[in-house]
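Q: the amino acid sequence is not available; the structure is as follows:
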């Protein structure tokens, strides 16, 4: 892998079109977050962890919908809301 310095990276960024700078900024924030957090699980709230456990249990118990079923349920819900 080639060596990169902050200076080289800065030069490359300066060559990017302005409309990509927000995307680069967000990606840099993501990389910073990723480097500061060993495990994203540690950043979840207890409620989020419980929701994941609950969803995992639903999958284990067969309480799921196919993509087609989910689309139909959502379609029916939207139609009820606009009727």
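A: The structure has been received and is ready for your questions. These numbers come from a predicted model, not from an experiment.
Q: the closest residue in space to residue 44 that isn't next to it in sequence: how many residues sit nearby?
A: Counting by CB to CB, 6 or more residues apart in numbering, residue 52 is the residue found nearest to residue 44 once chain neighbours are left out, at 7.6 Å. For the C-beta atoms, the positions are set from N, CA and C on the backbone; glycine is no exception. Per other CB atoms under 10 Å, the neighbour tally for residue 52 reads 12.
Q: which SS class is residue 52?
A: helix (DSSP: H, G, I helix; E, B strand; the rest coil).
Q: where does this protein dip in pLDDT?
A: Where the chain drops to pLDDT under 70, the residues are 1, 37.
Q: go again with 80.
A: 1-2, 37-40 (pLDDT under 80).
Q: circling back to that earlier point, ok, the residue nearest to residue 44 to residue 83 distance?
A: Using CB to CB, to the nearest Å, one gets 35 Å for the distance from residue 52 to residue 83.
Q: which SSE is immediately downstream of the one helix or strand residue 10 maps to?
A: Assigned by DSSP states H and E, residue 10 belongs to helix 6-14. Helices and strands here follow DSSP H and E; after helix 6-14, the next one along the chain is helix 21-36.
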